[in-house]
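Asks: Attaching a predicted model along with its sequence, questions to come.
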Amino acid sequence: MPTTRKTLFVFALSFAAGSSACNWNSSDQRARDEQTRDEVAKATERAKPAIEDASRQLGEAARAAADEARAAAQGVQDGWHNGRRAPLDINSATETQLRELPGIKSPDARRIIGNRPYRDKHELVSRGILPENKYEGLHDLITAH
């Protein structure tokens, strides 16, 4: 074989060998990739019930935490509104302030204001300004100074 033909033959043979090696390597890589995908898919399938259960439990815990947070917020609000305030002085309170007392309507507030001054808060009952049952609902919330 002339040298040029011989060189071409060796080159062609090398190229063919290299190509088949590349095909073998890429074929082998595809097989490994497919095996990896299959293994991960099977692991995911096995883990799915546990993941779904954990998700359900997380949702329930989140709902319970939200309920607790709402209850705590309501407790703060109740405590804020129900906390001990300084008693309202019936001798100086405005009609609006008097109407904020439990059971006191505008006519009651105007009667309280119209009959001032009071030496004692129980005078609201003894002087006929309020009935005893209304007074009982607010006697801890008022004073007469």
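Replies: Right, received. Where do you want to start? Numbering: from 1, shown residues only.
Asks: secondary structure element for the residue positioned nearest the centre of the chain?
Replies: By CA atoms, centre = their mean, the chain has its centre lying nearest to A66, at 4.7 Å. Mapping A66 onto the secondary structure by DSSP states H and E places it in helix 3-82.
Asks: Whichever helix or strand comes after that helix pairs with which strands?
Replies: Note on helix 3-82: by DSSP H and E, the next helix or strand toward the C-terminus is strand 88-89. Strand 88-89 pairs in its sheet with strand 142-143 (parallel), by DSSP bridges.
Asks: contacts for the partner strand?
Replies: P87, L88, D89, I90, L101, K121, L124 (CB atoms under 8 Å, 6 or more residues apart in numbering). Backbone N, C-alpha and C define where each C-beta goes, glycine included.
Asks: same deal with stretch 123-132?
Replies: Stretch 123-132 is contacted by residues I90, D108, R111, I112, N115, Y118, Y135, I142, A144 when judged by CB under 8 Å, 6+ apart.
Asks: Now do the end-to-end distance for it.
Replies: The first and final residues of stretch 123-132 sit 11 Å from each other (CA to CA, to the nearest Å).
Asks: what does the average pLDDT come to for it?
Replies: Mean pLDDT, stretch 123-132: 97.
Asks: Need the three-state assignment for the nearest residue to N115 once chain neighbours are set aside.
Replies: Nearest non-adjacent residue to N115, counting by CB to CB, 6 or more residues apart in numbering: I129, 5.5 Å away. Here I129 is coil, with the state taken from DSSP: H, G, I helix; E, B strand; the rest coil.
Asks: any idea how far I129 is from G137?
Replies: Distance, I129 to G137, using CB to CB, to the nearest Å: 14 Å.
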